[in-house]
Each structure stands twice: as C-alpha cells, then as structure tokens.
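Student: structure for the following, please:
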Amino acid sequence: MKKSLTTTQNPGSHYNHSDQLQDQSIVIPAKLINLADSFEKKEHSWFITSHVPTDLTIRVQEITFSVHKYPLVAKCGYIGQLEFQPSISNFGNDLKLENFPGGPETFEMILKFCYGLPLDLNPNNIAPLRCGSEFLEMTEELQAGNLISKTEAFLTLVVLSSWKDTITVLKSCETLSPWAENLQIVRRCCDSIAWKATRENTSGDAGGQEQWWFREVATFRIDHFMRVISTIKAKNTRPEFIGKCIMHYAERWLPGMDVEFEGLRGYGIGRNDLQFSILSNRKEEGDYGHSKEQKAIIESLLSVLPPQNEAVPCKFLLQMLKMAMMYSASPALISELEKRVGMMLEDATVNDLLIPSYNIADQGKLVKSPEERTMHDIDVVQRIVEYFLMHEHQQQEKTGKTNISKLLDSYLAEIAGDPNLSITKFQVLGELLPEHARACDDGLYRAIDTYLKVTYLPVPIVFTL
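Tutor: Okay, the predicted model is just below:
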C-alpha cells in the first residue's frame, strides 16, 4: 500500500531500515549525474538545468525544489512509496515535506547526494544529514553506501572521537528535536563529552583545556547541559569540577548574578519616600519576558549542585539564592539553599548577605505593604543564621563563632539605616547569637547607635546580652 502524499514522518520509526522500495517498475538511469547540467537557486526556488525536463516539485518550508523523480526514488524509500498528485501549476507532481529536519539547507545537500555529487560531511552538518536521511529512509536496502550508513559511520568513527566536534554536533541538535533524540545522537554526544571530561579530570591532564571546556559546555541549552552534568556526576567526578561547570553556566545565562548590593550608602532615605533601585540587567518593565526561562535554569542548576561544601563557594550560593528569590523558584529549593549557606556562613561577607526584598508574586519587584517595606530581606538572613547555629550544635563545634558575631554585627550596621526596619526585627537579629559567641559587643553598639540616629526613637532599645 502506498503512502499518502501529506503524511508527516514519525521520527525514528524506520530505525531498523526494513522497508523496501514499493514501485519496482521504475527504471533508474545508470549515471544520474548526467541528468543535471547545473544547479541554480533563485529567490525561493531551487532548480536544475538539464536536457531532461524535471517532473517533481518538492516544497520544504519556503523553498521549492524542481527536480527529477528518478534520482530520489533510487535512494529515498520515503519518496518511492508516495502516491504523487499531479501538479496544478505545471507539468509534473507536487510534494510537500512537512517538518523536514534541518530545513531546506539540509534537503539541498541530500538532493545533490542523490544526483551523485560528492557530499562534504563535517561536524556542522552531520546531525541534520543523519536526521534528514532517516526521514527519507535512505537505507542500504535501496543502495549500498546510502546516506544513513555514511552519516552514521562518520558520526560514530569521526565525530565522537573528538571533543570539539562532539560539542559542535550537540549544539546543532538543538533545532533537530525530536529526531536527534530518537536517533540517540544527543545521548551519544552527552555520554562522549562526559566520558572525556571525566577521563581528563581523573588523569589530572586537563590543564588549559579545562577553562576552554567550561566555556564551551556553558553554551549548551539547559536540557543538554543537565544531561552532560548528570552523566558526569554518575561517574563520581570531583565535586569541585562539577561546581565549576555549574558556576560557568550560571555566569553566562543568569545576568546580574555578580551584582553586589551595598546597603543604603548613596541612597536618599525617608520613611515615606523610600527609593531603591535593584541593580540588575532587568530594570525595564518589559524586561521580564524571559522570567520563565530564567526560573527553569535556576531550578535546574540548583537540583544538580553537589552536596559537598567544597563544590562551590558560599558567595556563589548566596548569588544563586538572590536569583532564586527574584525569579520565584521552588520554595523547597530555596529552603535547601538557605540551609547550605548556613553551613558555610563563616565564608560569607556583609555584601553577600544584602538580599533585596522581593515580592515573590511580582517577579522581583519590591514589596509595597507598609509592614514589609524593608529594603533588604531580613527574614532570610535570620533563617540562615539559625541554620548555622543548628549545624554548629549538631556538630558540637564552637569554632568560627567570633567571626560570625562580627559578620552579623556588620550586617546589623548596614541595615540599621533602613527607616522601615522595625524594632522587633532589629532586636531579634541582635539577640540571635548565644552569649558565649560574642568576644566583644562594640560592633553591636555601633549598629544600635546607627539605628537610633536614623529612626529618632524616643525610647531606648533594651537588648539582653
């Protein structure tokens, strides 16, 4: 039974290449190349100048190809099984290839191959050609050395043996879904990249290649990046190596991550006229169009972060926390991130802890309600310090608390200039640390002094020290 002319190919459905050419009565010229004197392209038309008239018009997206039926039937099982419809506009038959992988550019290369012209396989075109040949069912049953076998051999023997070529092919697969997935091109590329990265990392020979590799992998689409990282993690790679990969990716795809907020310095302060500009690349109202994509990237990266403290620095975790809150990431991921920061709090700086108050429901805009108009998110810092104290208690350690007291006092001094900071919140933060954790109270008194000068309170604040 012949196939309908309008049928759209199912990716990977002919992977076993068992279909046979239906119309055996067609005589194929011995030298197909003699059919074509030259190939020409004009605007949206691609045609062959030949002494033999063309008898088939094929449309791929916006490009129309006027060709001979015989060369295509000789090598393309899909074309040979179609029931052609007479052309309305001129003599011949019309065919439209819906969702052809690789588009007109790939079909043009395949068409020249069908006419017997040499085909230059390279990392940039091998994936589209492999998918296109599968679409057209260019199997060995039709002709020895057909395009499926040629592209498969080049992909396996040439591309996957090279780091750079494999990366190039994986990038080209981004526009070939679902064909590249169903033909296992994406999986094989990800496995090859992960295997090479693990081998280099284990042998200690990465050297200068490491930075280059990080930069290249950071250009992947997030789903491909996640597959590479997941494969690397499964091979018990050092957490520092995986952490560097994630940091490079975040730096490229999350603009504004490295912005530091320097408290109230340089801003006009007024209880009824509070102005605060979030320093990021998204200052315009219309710049929130990619928020869903950014949120997906943030959540994906957080889900593959190695649990070891040495994987990424505390500063990076706090940068990711700010971005996660800005883009309303999963509350479970945010909570886990806060706990991780708490375990590494000794490595944080005051500027790292200055997290703006975001309205979660409003994609990064400042909270407007009167009771929650503080410029910085005080609650998140309180939770982080509480997680730190809990971790210290569980580990039965008392080291580093002097540093934490200095850090918390400096943080209090920074936020003390906020006219909307309530006495209760200020006092709770000031009393978070246990009595034995403070070697000196000078920093806390300076913070209290700043707070009183800004708020002009008529009554003193009483701390239990």
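Student: run through the stretch 351-465 of the chain and note the low-pLDDT ranges.
Tutor: The stretch 351-465 of the chain contains residues with pLDDT under 70 at 359-372, 396-402, 456-465.
Student: for whatever helix or strand Leu408 lives in, buried residues please.
Tutor: Per DSSP states H and E, Leu408 falls inside helix 401-415. Residues of helix 401-415 classed as buried: 401, 404-415 (neighbour count, 16 or more other C-beta atoms under 10 Å). C-beta: built from backbone N, CA, C; applies to glycine.
Student: can you check stretch 179-192 too?
Tutor: Buried residues in stretch 179-192 (16+ other C-beta under 10 Å): Trp179, Ala180, Asn182, Leu183, Ile185, Val186, Arg188, Cys189, Cys190, Asp191, Ser192.
Student: surely Asp94 meets Asp55?
Tutor: No. Using C-beta atoms under 8 Å, Asp94 is not in contact with Asp55; the gap is 10.9 Å.
Student: can you show me the strands along the protein?
Tutor: 38-42, 45-49, 56-60, 63-67, 85-86, 93-96 (DSSP state E).
Student: least confident of the ones you listed, on average?
Tutor: With a mean of 57, strand 85-86 has the lowest mean pLDDT of the strands of the chain.
Student: which ones are touching Ile197?
Tutor: That one is not Ile; residue 197 is Ala. Going by C-beta atoms under 8 Å, 6 or more residues apart in numbering, Ala197 touches Trp213, Val228, Ile232, Thr237, Phe241.
Student: once you drop chain neighbours, what's closest to Ala127?
Tutor: The shortest distance from Ala127 to any non-neighbouring residue, by C-beta to C-beta, 6 or more residues apart in numbering, is to Ser172 (4.6 Å).
Student: from Lys425, how far out is the closest residue to Cys440 other than its chain neighbours?
Tutor: Nearest residue to Cys440, sequence neighbours excluded (C-beta to C-beta, 6+ apart): Ser405, at 8.0 Å. The gap separating Ser405 from Lys425 is 18 Å, by C-beta to C-beta, to the nearest Å.
Student: and Ala296, what does it touch?
Tutor: Ile222.
Student: how close does it get to Phe225?
Tutor: Using C-beta to C-beta, we find Ala296 at a distance of 12 Å from Phe225.
Student: now distance to Arg340 too, for the buried residues of helix 401-415, in CSV please.
Tutor: As requested, the buried residues of helix 401-415 are exported to CSV (distance: C-beta to C-beta, whole Å):
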residue, distance to Arg340
Lys401, 19
Ile404, 16
Ser405, 21
Lys406, 22
Leu407, 17
Leu408, 18
Asp409, 23
Ser410, 22
Tyr411, 19
Leu412, 23
Ala413, 26
Glu414, 23
Ile415, 23
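Student: point to the residue nearest the middle of this protein.
Tutor: The residue lying closest to the centre of the chain (C-alpha atoms, centre = their mean) is Ile222, at 2.1 Å.
Student: mind checking pLDDT for it?
Tutor: 95.
Student: what does the one 5 residues further on give?
Tutor: At Arg227 the predicted local confidence, pLDDT, stands at 93.
Student: give me the distance between it and Ala416.
Tutor: Counting by C-beta to C-beta, the gap between Arg227 and Ala416 amounts to 48 Å.
Student: which of the contacts of Ala197 are buried?
Tutor: Judged by 16+ other C-beta under 10 Å, buried ones among these: Trp213, Val228, Ile232, Thr237, Phe241.
Student: these two touch, right, the first one and Thr166?
Tutor: No. Shown here, Trp213 and Thr166 do not form a contact pair, counting by C-beta under 8 Å, at 11.3 Å.
Student: for Glu62, grab phi and psi.
Tutor: Phi and psi for Glu62, reported as degrees, to the nearest 10, are phi -100, psi 0.
Student: give the contact list for it.
Tutor: Applying C-beta under 8 Å, 6+ apart, the residues near Glu62 are His44, Pro104.
Student: any idea how far it lies from Leu121?
Tutor: 26 Å.
Student: where are the low-confidence patches of the stretch 101-250 of the chain?
Tutor: Judged by pLDDT under 70, the stretch 101-250 of the chain has its weakly predicted residues at 200-210.
Student: any idea how far Lys295 is from His224?
Tutor: 18 Å.
Student: nope, Gly256 is what I was after
Tutor: 14 Å.
Student: also Arg227?
Tutor: To Lys295, Arg227 is 20 Å away according to C-beta to C-beta.
Student: surely the residue nearest to Ala127 touches Pro128?
Tutor: Yes. Counting by C-beta under 8 Å, Ser172 does reach Pro128; the two are 6.6 Å apart.
Student: neighbour count winner among these two?
Tutor: Neighbour count, other C-beta atoms under 10 Å: between Ser172 and Pro128, Pro128 has more, with 26 against 20.
Student: hmm, that one is touching Pro104, no?
Tutor: No. Checked against C-beta under 8 Å, the pair Pro128 and Pro104 is beyond contact range at 10.9 Å.
Student: got the contact list for the residue nearest to the centre of the chain?
Tutor: Trp253, Ala296, Ile297, Ser300.
Student: how about those in JSON lines, adding pLDDT and distance to Asp377?
Tutor: What follows is the contacts of Ile222, written out as JSON lines (pLDDT from 0 to 100; distance: C-beta to C-beta, whole Å):
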{"residue": "Trp253", "pLDDT": "94", "distance to Asp377": "24"}
{"residue": "Ala296", "pLDDT": "94", "distance to Asp377": "23"}
{"residue": "Ile297", "pLDDT": "96", "distance to Asp377": "22"}
{"residue": "Ser300", "pLDDT": "96", "distance to Asp377": "23"}
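Student: and which of the residues you listed is nearest Met326?
Tutor: Of all the contacts of Ile222, Ile297 has the smallest distance to Met326: 12.4 Å, by C-beta to C-beta.
Student: that closest one and Ser330, how far apart?
Tutor: 13 Å.
Student: now the helices: where do they sit in the stretch 251-400 of the chain?
Tutor: For the stretch 251-400 of the chain, applying DSSP state H, counting those that start in this stretch gives helices covering 291-303, 314-326, 331-343, 350-353, 378-395.
Student: which among those is found nearest to Leu421?
Tutor: helix 378-395 (7.2 Å).
Student: can you list the buried residues in the closest one?
Tutor: Ile378, Val380, Val381, Arg383, Ile384, Val385, Tyr387, Phe388, Leu389, Glu392.
Student: and Leu160, what does it touch?
Tutor: Applying C-beta under 8 Å, 6+ apart, the residues near Leu160 are Thr166, Arg188, Cys189, Ser192.
Student: let me see the contact set for the residue lying closest to the third one once chain neighbours are set aside.
Tutor: Leaving out its chain neighbours, the residue that sits closest to Cys189 by C-beta to C-beta, 6+ apart is Leu170, at 4.0 Å. Contact analysis of Leu170 by C-beta under 8 Å, 6+ apart lists Val186, Cys189, Cys190, Ile193, Phe220, His224.
Student: count the residues that sit near the fourth one.
Tutor: Using other C-beta under 10 Å, the number of residues around Ile193 comes to 24.
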